[in-house]
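1. 3D, please:
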Amino acid sequence: MTPPSPENTIETTQEIQAPGFIARLRKASSRAFWVLVFFGSLAFFTFLKFPEARIKALIQGQVNAALAPQGISVTSQDASLSVWRGLRYTMRDVSVNFVKTGKAVRLDRLLVAPSLTALMFGKVAGSIDAEKGKSEISVGFSLKDTVADFEVDFDDVDIGKTGIAEAAAGVPAKGIINGFVELDGDLNNPPSWNGKGDVKIAHLELPPQNVVIFKLPEVGVSTSEIKFKIANGKVDLREVRLGDPKRKPPDDLTATLTGEIALQKFLMGSQLKVGARFSLSDRILQALGPLVIGFVNPGKQADGSYAYDISGSLQAPVPVPVQHK
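-> Predicted coordinates for the structure are as follows:
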């Protein structure tokens with residue numbers, strides 16, 4: 001009888017060993033699955049037995065702790081907690097208070113849904129949904145130390161009814177915002193930032209106000225769009241447009257910005273390489289007076305608009321008039 005060749009012996013051994021290996025892999029996978037089920041169930045039922053009042057206080061405290069550095073705090077008249085579709089903390093009749101202006105944004109509902117899975121990896125993550133009438137702002141976020149990743153979506157946000165502009169900047173503006181902003185990177189290191197955004201503002205109205213020594217009348221801008229991309233700390237202004245130059249009667253302000261901003265660690269030191277072109281209505285020019293008109297006139301173009309190239313930093317921009325041909 002002819003003995004089996006070495007090649008046949010190896011093939012036979014592999015054929016015998018392969019089913020055993022698959023069986024062991026299946027057994028290990030099954031064990032891993034049940035271990036995960038055990039720990040998941042343990043965490044879930046431990047959570048269920050945790051006093052609801054303490055969980056509410058914990059979430060409320062985490063929200064305010066995150067907002068405190070920006071001078072913002074949140075209070076509500078009513079709050080509820082749900083776990084059946086994931087941890088969800090819902091506040092109603094909410095006030096978002098801004099220390100700097102002493103104003104508050106009033107919301108019908110604020111829903112905070114933290115991610116328990118992210119907490120296992122040392123991150124603070126989840127989502128926040130804010131509603132006021134038909135206005136809605138949705139925020140998805142992830143934060144570990146100072147490294148953040150978030151996306152903000154604006155859906156028919158009425159900045160007049162919500163009071164966002166007045167609370168944040170002290171200006172009782174009106175208008176409707178739609179769009180999104182995405183950003184990720186180290187919050188303390190702007191050159192590490194990446195992101196993009198496309199925000200549209202309709203029917204923007206600014207009330208009469210004092211600017212330095214001038215009293216500006218009400219300013220109306222029919223439509224605006226801000227579209228940008230950030231790659232490794234460089235902001236590409238893809239489309240920044242205020243007002244519609246073809247509108248009749250014309251908007252009080254129309255402007256376009258193009259170019260880029262190189263972000264620096266000290267944000268106000270970020271370097272500008274931007275071209276600006278703008279037009280002002282006769283009503284606004286009359287309100288500004290001859291002093292301001294004389295200041296902007298060097299950049300006046302043949303069509304009556306003004307054009308400037310802007311360099312320097314955000315803190316100290318240097319406008320250079322563009323000479324028209």
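2. ranges for the helices of the stretch 1-150 of the chain?
-> For the stretch 1-150 of the chain, the helices defined by DSSP state H, counting those that start in this stretch cover 6-49, 52-67, 116-120.
3. which one of the ones you listed has the poorest average confidence?
-> Among the helices of the stretch 1-150 of the chain, helix 6-49 has the lowest mean pLDDT, at a mean of 51.
4. so where is the stretch 101-250 of the chain shaky, pLDDT-wise?
-> 118-122, 211-214 (pLDDT under 70).
5. what about the strands in it?
-> For the stretch 101-250 of the chain, the strands defined by DSSP state E, counting those that start in this stretch occupy 103-114, 124-132, 135-144, 147-158, 174-186, 194-206, 209-211, 214-216, 219-231, 234-242.
6. could I get those as JSON lines with mean neighbour count and distance to Pro290?
-> Any C-beta I mention is one placed from the backbone N, CA and C, and that applies to glycine too. Below are these laid out as JSON lines (neighbours: other Cβ atoms under 10 Å; distance: least, Cβ to Cβ, whole Å):
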{"stretch": "strand 103-114", "mean neighbour count": "19", "distance to Pro290": "35"}
{"stretch": "strand 124-132", "mean neighbour count": "19", "distance to Pro290": "43"}
{"stretch": "strand 135-144", "mean neighbour count": "17", "distance to Pro290": "42"}
{"stretch": "strand 147-158", "mean neighbour count": "17", "distance to Pro290": "38"}
{"stretch": "strand 174-186", "mean neighbour count": "17", "distance to Pro290": "30"}
{"stretch": "strand 194-206", "mean neighbour count": "17", "distance to Pro290": "23"}
{"stretch": "strand 209-211", "mean neighbour count": "11", "distance to Pro290": "16"}
{"stretch": "strand 214-216", "mean neighbour count": "13", "distance to Pro290": "11"}
{"stretch": "strand 219-231", "mean neighbour count": "18", "distance to Pro290": "20"}
{"stretch": "strand 234-242", "mean neighbour count": "17", "distance to Pro290": "24"}
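7. which residues are in contact with Gly195?
-> By Cβ atoms under 8 Å, 6 or more residues apart in numbering, the residues touching Gly195 are 181-185, 229-230.
8. repeat the analysis, applying 7 Å as the threshold.
-> When contacts are counted by Cβ atoms under 7 Å, 6 or more residues apart in numbering, Gly195 touches 182-184, 230.
9. for Lys196, see how far away the nearest residue in space to it that is not next to it in sequence is.
-> Of all residues not flanking Gly195 in the chain, Leu183 sits nearest, at 3.8 Å (Cβ to Cβ, 6 or more residues apart in numbering). Between Leu183 and Lys196 the computed distance is 9 Å (Cβ to Cβ, to the nearest Å).
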